[in-house]
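Visitor: predicted model, plus sequence, below.
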Amino acid sequence: MCSVRRVQRYSGSGPQSRPSQKGHRVNAVDTDNDYAFVVEDSPDAHDGCVNMCIGGVVLQNVLIDLGSTCNLIDKATWENLKRLHIKCESEKVTKNIYPYGCQTPLKTVGKFSTVAVVRNQKTQAEFIVIDGTGRSILGRDTAIDLKVLRVGPEVNAIQEMEHAGLFEGIGKMRDYKAKLHIDPEVRPVA
């Protein structure tokens, strides 16, 4: 998985941490590189996964990662996608991908840009190919664009309804007598 790494810094450069005078740490986000967790590929692990189409080729059980800053696939998957004639533009990688908690970057083969589709949602996405084996990972931004990940509170809205006019203005029920059930043992409160 990729994730934004929190780097504590103080007047200087590099990933250093130093408590402030009140004992708190100052956080800064290092945006020059991407970061990745190590993901074990388990044949029975399908929770949090999605089947998708990238560049016209179906890719199954892609792990959705909320903390991810990039989309990742391994070299074997990339070779399979090429064999199935994926439609994409590929190039060399210029940034490093760091496993979570490590100082050494992953070895990368390259990256490619293509159209990613889940159900009826489409987006242009960039995938980084790592040298080695691992699970395909769908990053946070791409997952949000494809509407397979939502972050934050859900907002319920009435959009297109058959009787939308019933929900506008002040309502009144006509020709209906309501019965209020009042417990005589309870003292009314103003």
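Guide: Okay, I see it.
Visitor: check which helix or strand Thr69 maps to.
Guide: Using DSSP states H and E, Thr69 sits within no helix or strand.
Visitor: oops, could you answer that again for Ala178 instead?
Guide: Per DSSP H and E: Ala178 is located in neither a helix nor a strand.
Visitor: give the contact list for it.
Guide: For Ala178, the contact set (Cβ atoms under 8 Å, 6 or more residues apart in numbering) is empty. C-beta coordinates here come from the backbone N, C-alpha and C atoms, glycine included.
Visitor: ranges for the strands of this structure?
Guide: Remark: strands assigned in the chain by DSSP state E are 6-8, 27-29, 34-36, 49-54, 57-64, 71-74, 89-91, 97-99, 108-118, 121-130, 137-138.
Visitor: the ones you listed: which one's closest to Val186?
Guide: Smallest distance to Val186 across the strands of the chain (Cβ to Cβ): 50.8 Å, for strand 57-64.
Visitor: Provide the strand pairings for that closest one, with the direction of each partner.
Guide: Paired strands of strand 57-64, with direction, are strand 49-54 (antiparallel), strand 137-138 (parallel) (DSSP bridges).
Visitor: so where's this protein uncertain?
Guide: 1-46, 155-161, 163-164, 166-167, 171-172 (pLDDT under 70).
Visitor: ok, how many other residues are close to Pro188?
Guide: For Pro188, the tally of surrounding residues (other Cβ atoms under 10 Å) stands at 5.
Visitor: how near is it to Leu84?
Guide: Counting by Cβ to Cβ, to the nearest Å, the gap from Pro188 to Leu84 is 73 Å.
Visitor: please apply the same query to Thr94.
Guide: Counting by Cβ to Cβ, the gap from Thr94 to Leu84 is 27 Å.
Visitor: the more surrounded of the two?
Guide: Set side by side, Thr94 and Leu84 show more neighbours around Leu84, with 12 against 7, by other Cβ under 10 Å.
Visitor: for the more buried one, give me phi and psi.
Guide: Dihedral pair for Leu84: phi -90, psi 10, per degrees, to the nearest 10.
Visitor: OK, contacts around it?
Guide: By Cβ under 8 Å, 6+ apart, Leu84 lies in contact with Val57.
Visitor: give me the neighbour count for Met138.
Guide: Residue 138: Leu, not Met. Counted with other Cβ under 10 Å, Leu138 comes out at 30.
Visitor: just the angle between the longest helix seen in the chain and strand 57-64, please?
Guide: Ordering each helix of the chain by length in residues (DSSP state H) puts helix 75-83 first. Helix 75-83 runs at 150 degrees relative to strand 57-64, counting by axes from the mean of the first three to the mean of the last three Cα atoms, to 10 degrees.
Visitor: what's the angle from helix 75-83 to strand 121-130?
Guide: Going by the same axes, to 10 degrees, helix 75-83 makes 130 degrees with strand 121-130.
Visitor: before we move on, back to that, right, so the strands paired with strand 57-64: which one is the most enclosed?
Guide: Among the strands paired with strand 57-64, strand 137-138 has the highest mean neighbour count (mean count of other Cβ atoms under 10 Å), at a mean of 28.
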